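Enquirer: Pasting the sequence and the predicted coordinates here, then a few questions.
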Amino acid sequence: MNSAKSAGDAKASGVWSKVRFVLFVLVGLAICVVTIVYLHNKWEERVRRAEREIAKNRVPVSEVEIDERKLLRKSDAAPYSTLGASRALTGRVRNKSTHYELSAIQVELTLKDCVEKDCEIVGQSTETITLEIPPGQSRDFRETFFFKPTLGNPRGRFVWSHRVVQTCSNSGLRTRPCRGFLF
């Protein structure tokens, strides 16, 4: 009877040993998989960050022109007036780059209230305009700019200006960093 009990204990001990070994291997594999996924995600983030910087420097601001500019009321029905706190800027963006497609631009719109020759900035807004413009081509656009606080009536007359602040180009990049482009 003792020998049967000993044989049963040895058999149970052998099974438990195998179960522990299998558990050890599974835990080791799980740790390896988690480590690989973590390192891959870190690598992908580095690639995205690097491509975002490349995308922002491919087409210099000096190689982008905005022509045929018009500033419209929010209703887009008539040329610019003094009512409301948003304006639609329309025009044509020209990509003067000879190598890269232009995917997005960031434009700053400034409104000044001018009394004779004295002008005071009363509103500034920066918006991203997403376009796909091949090298040497142009595209029309319309983008709404929002001003905070609400614009009141001018003391003189409103004068507006714009400038291209930043550009972005997806050309040849794997991650498409200009999608949802935030500067």
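Expert: Structure's in. What do you need? This structure is a prediction, so every number in the text was calculated from the model and none was measured. Numbers count the residues shown, from 1 in each chain.
Enquirer: and residue 114, what pLDDT?
Expert: What the model reports as pLDDT for residue 114 is 92.
Enquirer: Phi and psi next, for it.
Expert: phi -110, psi 120 (degrees, to the nearest 10).
Enquirer: Surely it touches residue 159?
Expert: Yes: here residue 114 reaches residue 159: they are 4.9 Å apart, a contact under Cβ atoms under 8 Å. To be clear about C-beta, it is placed using only N, CA and C from the backbone, and glycine gets the same treatment.
Enquirer: which residues of the protein fall in strands?
Expert: Along the chain, counting by DSSP state E, strands occupy 64-73, 86-95, 102-115, 118-133, 138-146, 157-168.
Enquirer: how about those, which one is nearest residue 28?
Expert: Checking the strands of the chain against residue 28 by Cβ to Cβ gives strand 157-168 as the closest, at 44.0 Å.
Enquirer: who does the lowest-mean-pLDDT helix or strand in the chain touch, helix- and strand-wise?
Expert: Sorting the helices and strands of the chain by mean pLDDT, DSSP states H and E puts helix 2-57 at the bottom, at a mean of 80. Applying 3 or more Cβ pairs under 8 Å, 6 or more residues apart in numbering; DSSP states H and E, one finds that helix 2-57 contacts strand 157-168.
Enquirer: Neighbouring strands - and their directions - for the strand it packs on?
Expert: With DSSP bridges as the criterion, the sheet partners recorded for strand 157-168 are strand 102-115 (antiparallel).
Enquirer: C-alpha coordinates for the strand it pairs with, CSV please?
Expert: The C-alpha trace of strand 102-115 is given here as CSV (Å, rounded to 0.1, in the frame of the first residue of the first chain):
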residue,chain,number,x,y,z
LEU,A,102,1.5,70.3,-50.4
SER,A,103,-1.0,68.6,-48.0
ALA,A,104,-1.9,71.3,-45.5
ILE,A,105,-1.1,74.9,-44.6
GLN,A,106,-1.7,76.8,-41.4
VAL,A,107,-2.8,80.4,-42.0
GLU,A,108,-3.0,83.2,-39.5
LEU,A,109,-5.7,85.9,-40.2
THR,A,110,-5.4,89.2,-38.5
LEU,A,111,-8.2,91.9,-38.3
LYS,A,112,-7.3,95.5,-37.4
ASP,A,113,-9.6,98.4,-36.6
CYS,A,114,-8.0,101.4,-38.3
VAL,A,115,-8.9,105.0,-37.5
